[in-house]
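Peer 1: what follows is a predicted structure for the sequence shown.
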Amino acid sequence: RRRRRRCPECGSGSLVEDAHYAQQQLVCAACGCVLSEGLLTTTYTDEEHLREVAYSQSTGQKEQLSRCLQRGIRRVQDLCKVLKLPAAFEETAVSYFQRALELPAFHLVSLEKKELLGGCCVLVTCRQRRWPLTMGTVCSLLYAKQELFASVFLSLQRELGLSVPALSLADLVTTHLSSFRLVQPSANIPGPFLEDKEQLVARTMAIVELASATWLVTGRHPVPVVTAAAFLAWQSLRPGPRLSCPLARFCRLAGVELPPPAQLRLKELLEILLAMASQLSWLRGFRLDKKTVVKHIGELLQHRLLLLKRAFSQQDGLEQQGTGLGMGSESQGSRAVPQQQGSPWAGQQQQRGTLRPLLPPCLLQPRKRLRAAAPSAAGAAVTGDEPISDSEIEQYLRSPEEIRAFRRAKAWS
């Protein structure tokens, strides 16, 4: 039994023969894909010499868009509809895609990279228009690997010479929290766990600013920091029924993945909050731990600038200069506020010398020791004129008894 032929693009079996410019073509009636085409003459010269060419090689093909370009434009348009982007965004993304396919750099790339090129054009358009969209969101919609998507994104930016601003941390917080199921009323979420979106975003932003001021964001992936900050903000807004909820369950209820470093970022944020809480006089009577300090996050954030200056100092007890406390921070080199008798900020002076300085965690707890540079040949040569350190000077001092014993030994030799 002869097997019925089907369209390789959509799988439909409705194939029809169509005469196009006196050329017989086998066309899919469902999607319009041309399965086979006859031969025709394109010019009088070809006709005189009886040379026949296919339509795909004739001048008529230049009047139509290629199949790859049509498919890519449809993908860009579908992605814009899923993301509910304005029509102007869709037009800009399509124009970027058309310009990119005209460049030789994207002619011989793999089909997978060409499919990701449309998503890159959408991401570039959103970044330029300050529309909060992350690379992870586009990758999840296209089922793509972030490493491969990032390489195509950088190639597009380089080949077209586009200026793409980075996504700000505030936009990332708003975008990340918008997908939380905890801010959307649902029958699957317990009532005490639901939270107002505006309040959660505002409290999370304040905690993220605190993390930025204490070096917890610099050089790190921002999503784990935002996840940990959102968890603390969610607990602090209604601590009664939420303190017993762990971070893993919070992510499951919110419908987001738990990034592995989020547990470490949560631990570091809690250590910062405990150090700040130790400087409030009305909290010193409580035995605060990593759970109970969450109840007072609102008070700590309200006075975070002064509490950071009181909680962290140099190892010799002096105030650290120029910590860069983000929004509303004081200028570099500002002096500490003098303590007053009975003030709630009055701290214990003997404790300030034992507190760690406000430095990046990689300097406080280095994972790997830095290897000392190998001495050069010129530096390894001993000339006898090298300075003697204080720790080695004792090796060169001799008592009178040692001097007499050295002379006797020298005379015997």
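Peer 2: Yep, that arrived. Numbering: from 1, shown residues only.
Peer 1: could you chop the protein up by domain?
Peer 2: What the TED database lists as the domains of the chain is 1-61, 67-167, 170-317.
Peer 1: so which of the ones you listed gets nearest residue 402?
Peer 2: domain 170-317 (38.9 Å; C-beta to C-beta). Bear in mind the C-beta positions are built from the backbone N, C-alpha and C, glycine included.
Peer 1: for the closest one, what is the average pLDDT?
Peer 2: Averaging pLDDT along domain 170-317 gives 86.
Peer 1: mind putting the domains of the chain into TSV with mean neighbour count and distance to residue 361?
Peer 2: Converted to TSV, those look like this (neighbours: other C-beta atoms under 10 Å; distance: least, C-beta to C-beta, whole Å):
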stretch	mean neighbour count	distance to residue 361
domain 1-61	13	53
domain 67-167	16	23
domain 170-317	18	6
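Peer 1: low pLDDT regions in the stretch 301-413 of the chain?
Peer 2: Applying pLDDT under 70 to the stretch 301-413 of the chain flags the ranges 313-357, 362, 366-384, 386, 388-397, 413.
Peer 1: go again using 50 as the cut-off
Peer 2: Applying pLDDT under 50 to the stretch 301-413 of the chain flags residues 314-354.
Peer 1: can you lay out the domains of the chain as TSV showing distance to residue 359?
Peer 2: As requested, those are arranged in TSV below (distance: least, C-beta to C-beta, whole Å):
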stretch	distance to residue 359
domain 1-61	59
domain 67-167	25
domain 170-317	7
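Peer 1: list the contacts of residue 77.
Peer 2: Contacts here follow C-beta atoms under 8 Å, 6 or more residues apart in numbering; on that basis residue 77 touches 90, 94.
Peer 1: go again with 10 Å.
Peer 2: Counting by C-beta atoms under 10 Å, 6 or more residues apart in numbering, residue 77 makes contact with 90-91, 93-94, 97, 118, 122.
Peer 1: hang on, it is in a helix, isn't it?
Peer 2: Yes - using DSSP: H, G, I helix; E, B strand; the rest coil, the assignment for residue 77 is a helix.
Peer 1: which element is the residue nearest to residue 225 when sequence neighbours are not counted on?
Peer 2: Distances taken as C-beta to C-beta, 6 or more residues apart in numbering put residue 265 closest to residue 225, at 5.0 Å, once the chain neighbours are dropped. Assessed by DSSP states H and E, residue 265 sits inside helix 262-277.
Peer 1: elements contacting the next helix or strand after that helix?
Peer 2: Once helix 262-277 ends, the next helix or strand along the chain (criterion: DSSP H and E) is helix 297-302. For helix 297-302, the packing partners by 3 or more C-beta pairs under 10 Å, 6 or more residues apart in numbering; DSSP states H and E come out as helix 197-213, helix 222-237, helix 262-277, helix 304-311.
Peer 1: can you lay out those helices as JSON lines showing distance to residue 385?
Peer 2: Formatted as JSON lines, these follow (distance: least, C-beta to C-beta, whole Å):
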{"stretch": "helix 197-213", "distance to residue 385": "48"}
{"stretch": "helix 222-237", "distance to residue 385": "53"}
{"stretch": "helix 262-277", "distance to residue 385": "48"}
{"stretch": "helix 304-311", "distance to residue 385": "47"}
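Peer 1: so what's the residue nearest to residue 225 up against?
Peer 2: Residue 265 neighbours (C-beta under 10 Å, 6+ apart): 211, 216-217, 220-229, 231, 247, 259, 361.
Peer 1: okay, the residue lying closest to residue 303 once chain neighbours are set aside and residue 274: tell me how far apart.
Peer 2: Once flanking residues are discounted, residue 303 sits nearest to residue 280: 7.7 Å by C-beta to C-beta, 6+ apart. According to C-beta to C-beta, to the nearest Å, residue 280 stands 11 Å off from residue 274.
Peer 1: any residues in contact with both of those two?
Peer 2: With C-beta under 10 Å, 6+ apart, residue 280 and residue 274 have common neighbours 288, 300, 311.
Peer 1: what's the closest of those to residue 195?
Peer 2: Nearest to residue 195 among the shared contacts of residue 280 and residue 274, with distances taken as C-beta to C-beta, is residue 300, at 19.4 Å.
Peer 1: pretty sure that closest one is touching residue 310, no?
Peer 2: No - judged on C-beta atoms under 10 Å, residue 300 makes no contact with residue 310 at a distance of 11.7 Å.
Peer 1: identify the contacts common to the two.
Peer 2: Residues within reach of residue 300 and of residue 310 at once, by C-beta under 10 Å, 6+ apart, are 275-276, 279-280.
Peer 1: helices of the stretch 101-250 of the chain, start to end?
Peer 2: 111-128, 135-142, 146-160, 169-178, 197-213, 222-237, 239-242, 247-254 (DSSP state H, counting those that start in this stretch).
Peer 1: relative to residue 406, which of those helices is closest?
Peer 2: helix 197-213 (62.0 Å).
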